[in-house]
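**Q** requesting a structural model of the entry that follows:
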Amino acid sequence: MEKLAALIMIFLVAMPMGHCITEGPEEVEEWFHKLPYAKEKVTKLHFFFHDRFAGKNVTSVRVAHATGTDKSPTSFGLVFIMDDPLTEGLKPTSKELGRAQGLYAFSGREEMSLLMSFNLVFTTGEYNGSTLTVLGRNPAVPHREMPIIGGSGVFRLARGVASAKLRSFNMTTGNALIEYNVVVIHYY
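**A** The predicted structure is shown next:
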């Protein structure tokens, strides 16, 4: 219990130092008052998502599984938490644009599919401190499409689509490289 209390205290102290918007409730309320006069904007984003289960800098960890998960051909019931880098290029050493933070769960009993619930947290450039929220089904097919259901900062009240394509997968480690093309409608 003491360890949990210490972690919560560290979180509360460190929170202002993280990449986040700096607007308080008054600024958000003012933004909503101006919303009827705001215009919609379409933004296209492209980046690479590095999911690492092994090696240096592990970014995805197993946190739960069902009693039958190990016997399931689709890993039904397996849950991972991730904090994956989003980069400008294919290589993990290319410029980091942000992080994908959230979870995914193997949700198909008869076919391989995931439930994805994560935030794209932008940490550089014009979107620094802003987020997009992805929530949806991620089937095991070459091209996947998941809904953007919201966002914060520049992307407040966003909606759109995240298209994902597996670029590489290591069968031994489980490490994966996924290319993302995102189209999002938001206000300015």
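
**Q** residues contacting the residue lying closest to Phe48 once chain neighbours are set aside?
**A** Excluding its sequence neighbours, the residue lying closest to Phe48 (C-beta to C-beta, 6 or more residues apart in numbering) is Thr87, at 5.0 Å. The C-beta positions use only the backbone N, C-alpha and C, and glycine is treated the same way. Contact partners of Thr87, counting by C-beta atoms under 8 Å, 6 or more residues apart in numbering, are 47-48, 50, 94-97.

**Q** give me the buried entries from those residues.
**A** 47-48, 50, 97 (16 or more other C-beta atoms under 10 Å).

**Q** looking at these, which are in strands?
**A** The strands, defined by DSSP state E, take in 47-48, 50, 97 from the buried ones among the contacts of Thr87.

**Q** let me know the distance separating Ala54 from Ala164.
**A** 21 Å (C-beta to C-beta, to the nearest Å).

**Q** if you count surrounding residues, which of the two has more?
**A** Ala164 (19 against 11; other C-beta atoms under 10 Å).

**Q** that one: what's it in contact with?
**A** Applying C-beta under 8 Å, 6+ apart, the residues near Ala164 are 49, 138, 143-146, 178-180.

**Q** quick check: which element contains it?
**A** strand 159-169 (DSSP states H and E).

**Q** next SSE downstream of that strand?
**A** strand 176-187.

**Q** from the contact counts, what lies against that following strand?
**A** Where contact means 3 or more C-beta pairs under 8 Å, 6 or more residues apart in numbering; DSSP states H and E, strand 176-187 is packed against strand 40-51, strand 143-152, strand 159-169.

**Q** contacts for it next, please.
**A** Contacts of strand 176-187 (C-beta under 8 Å, 6+ apart): 35, 38-51, 86, 90, 120, 132, 148, 151, 154-170.

**Q** for that strand, list the C-alpha coordinates in CSV.
**A** What follows is strand 176-187, C-alpha atoms only, in CSV (Å, rounded to 0.1, in the frame of the first residue of the first chain):
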residue,chain,number,x,y,z
ALA,A,176,6.1,-5.1,-34.6
LEU,A,177,6.3,-2.0,-36.7
ILE,A,178,3.0,-0.5,-37.8
GLU,A,179,2.5,2.3,-40.3
TYR,A,180,-0.4,4.7,-39.4
ASN,A,181,-2.2,7.2,-41.7
VAL,A,182,-4.7,9.3,-39.7
VAL,A,183,-7.3,11.6,-41.1
VAL,A,184,-9.0,13.7,-38.4
ILE,A,185,-11.6,16.5,-38.5
HIS,A,186,-11.2,19.1,-35.7
TYR,A,187,-11.9,22.8,-35.1
